[in-house]
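A.B. asks: sequence and predicted structure below; questions after.
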Amino acid sequence: MAHSHEIYCTVDNCHYWGQGNHCTANEILVTADSVGATMPDTFDAPQAATANTTPCGTCMETCCKTFVPKGSDQYNVDNVLK
Ligand code: SF4
């Protein structure tokens, strides 16, 4: 089934950020900070369906794994498109 989502994000130094605080990535992976800190950049939304679940206690324990700094030449490592 097709879903329609608006992802808003204020991290405007991200490669995927767009006008109006829209995330323009075709898919993103939100996960626990611990995953963001330990998994390589190649682990991202394309692997999400089979990733381990990671309960969190507060919003401060979550992160966007898809973030790539604007201007980085690493934007295509995660196989996410914009
Ligand atoms: S990829 Fe993540 S950090 Fe980057 S604009 Fe989208 S939601 Fe924000």
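C.D. replies: Received, thanks.

A.B. asks: from here on, contacts and neighbour counts on C-alpha atoms
C.D. replies: Noted.

A.B. asks: ok, and what's touching stretch 64-74?
C.D. replies: 13-16, 28-31, 36, 41, 44-45, 75, 78, 80 (Cα atoms under 8 Å, 6 or more residues apart in numbering).

A.B. asks: near the ligand, which of the residues you listed show up?
C.D. replies: Applying Cα under 6 Å from any ligand atom, the subset of the contacts of stretch 64-74 adjacent to the ligand comprises 14, 16, 28.

A.B. asks: can I get the buried part of these as one ChimeraX selection?
C.D. replies: To isolate the buried members of these in ChimeraX, using 16 or more other Cα atoms under 10 Å:
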select :14,16,28
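
A.B. asks: closest to T54 out of the ones next to the ligand among the contacts of stretch 64-74?
C.D. replies: Relative to T54, the closest of those is I28; by Cα to Cα it sits at 15.6 Å.

A.B. asks: give the contact list for that closest one.
C.D. replies: Applying Cα under 8 Å, 6+ apart, we find I28 in contact with 44-45, 64-66, 80.

A.B. asks: go with 7 Å
C.D. replies: Contact analysis of I28 by Cα atoms under 7 Å, 6 or more residues apart in numbering lists 45, 66.
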